[in-house]
Structures are given as structure tokens and as C-alpha cells.
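K.L.:
Return a 3D structure for these sequence lines:
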Amino acid sequence: MQAKPLTIAVIEAEHQALAAMLHSVPLLLAEWRRQQAMPAAADFARLRAMLFYIDEFPAKLHHPKESQLLFPKLRARAPDIRDLLDRLDEDHLRGERAVRDLEHALLAFEMMGEPRRAAFEQMCERYVRAYLNHMQTEERELLPLALQVFSADDWLDLDEAFAANRDPLTGHAPEEAYRSLFQKVLGTAPAL
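P.N.:
All right, here's what the predicted structure looks like:
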């Protein structure tokens, strides 16, 4: 059996790290509800670090690799899935806006208190569900198709690009500028 292309291994590892982060958000919110009190400043800082990670790394590293490298190759090799690729590209764009809206809703909850909790939690639930569904679609539909239609040369080009910038939550050292963020994220996220 042929080895899995590095591109697919990187995408799956990044999806796994992101899924762990996404699953941690509702766990943290459930913990806050069990305490039946307004979360402390440190609790908000924990969640802000998690949301900042979701905004910073997938949107700036993971999604561009997919939208600018993987998806165009799939469009060329499998034109019948253009609608799906367009939808996934739109998900990437909507997701960038959605996470910023979520960060704003968290700030509103922190500043305005309990009256803003339910709206924030509902927004979190929708965001997490949509993001997990998006990643499942890529893994169930796109990656198996890529294995069928890409040539060895396609994989060489993609593997080189996907190896160049990898998410620190997948075991790669963060850039110095992000070291503090990852210490906060790894040190505080319940499911990581």
C-alpha cells in the first residue's frame, strides 16, 4: 500500500488539533455553567486565547493552503465538484468573519455580564458545529477524491507547500512571536 501523501497527513493533523480546540470550547462553557457564577477574568482570558488561536492559525495558515493550493488542483482534475469547492471556500471566508463575531460576543459577555451569556453560548454552539461539519466534508469527500485524481507530481508540489508552515498544535515548534499564545492555549484548554 502506498504511503499517505504528506499533504493529507498535515491536513488531518491540523483538523485533529482544531477539532480538539473546538470541542474544548463547549467543555469550558459547561464548566462555567456548573459554577453558577460569572466567570473570572482568568476564565475569559483562557477562552480568548482559544478563540484567538482559531482565528489566527486556521484562517492564516490552514485555509489558504487549502483554498490556494489544494482546491485549485481539485478544480482542474475534478470539475464536477466545483460547487462543493466553492461552498468550502465560502465556508473559509464566512468562518473568518464568524470567529471575529464570536470574539466580539465573548467581549460583550465579559463586559456586559450574564445578560449576554446565552447569546454567546448559542453562537459558540453554531460555530463549533459548522466548523466540525466543514472539516468532516473535506475529509470524507475531498481527500479521498484527491487520492484518486492527483498525480505523483501534484503531491510533490502540495507536500512541499503543506510542509512549509505547520500548526504548532500538531507538534511543531511555534514561531517565537506565537510561543506565549501556545503556552496559554496548551496550558488552559480542557480537552487538549
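K.L.:
what sits against His63?
P.N.:
His63 makes contacts with 92, 95-96, as judged by C-beta atoms under 8 Å, 6 or more residues apart in numbering. (Each C-beta comes from the backbone N, C-alpha and C, glycine too.)
K.L.:
can you tell me the helix or strand for it?
P.N.:
Using DSSP states H and E, His63 maps to helix 63-65.
K.L.:
Okay, now the unreliable bits of this structure?
P.N.:
Applying pLDDT under 70 to the chain picks out residues 1-2, 165-192.
K.L.:
What ranges does it have for its helices?
P.N.:
With DSSP state H as the criterion, the chain has helices at 6-35, 41-57, 63-65, 71-77, 82-112, 117-137, 143-149, 152-164, 179-188.
K.L.:
just to revisit the earlier point, now the helix holding His63, how far from the chain's geometric center?
P.N.:
How far helix 63-65 lies from its chain's middle: 11 Å, per C-alpha atoms, centre = their mean, to the nearest Å.
K.L.:
Please apply the same query to stretch 70-82.
P.N.:
22 Å.
K.L.:
how about that stretch: buried residues?
P.N.:
70-71, 73-74, 78, 81 (16 or more other C-beta atoms under 10 Å).
K.L.:
Tell me how far the closest residue to Val99 other than its chain neighbours lies from His23.
P.N.:
In space, and not counting its chain neighbours, Val99 is closest to Asp55: 4.5 Å by C-beta to C-beta, 6 or more residues apart in numbering. Distance, Asp55 to His23, using C-beta to C-beta, to the nearest Å: 17 Å.
K.L.:
Check Met111 too.
P.N.:
Using C-beta to C-beta, Met111 is found at 27 Å from His23.
K.L.:
Looking only at neighbour counts, state which of those two leads.
P.N.:
The neighbour comparison of Met111 against His23 (other C-beta atoms under 10 Å) goes to His23, with 15 against 9.
K.L.:
quick one: contacts for Glu141?
P.N.:
Glu141 makes contact with 81, 84 under the criterion C-beta under 8 Å, 6+ apart.
K.L.:
and with 7 Å instead?
P.N.:
Leu84 (C-beta atoms under 7 Å, 6 or more residues apart in numbering).
K.L.:
ditto for the one 5 residues further on
P.N.:
For Ala146, the contact set (C-beta under 7 Å, 6+ apart) comprises Leu74.
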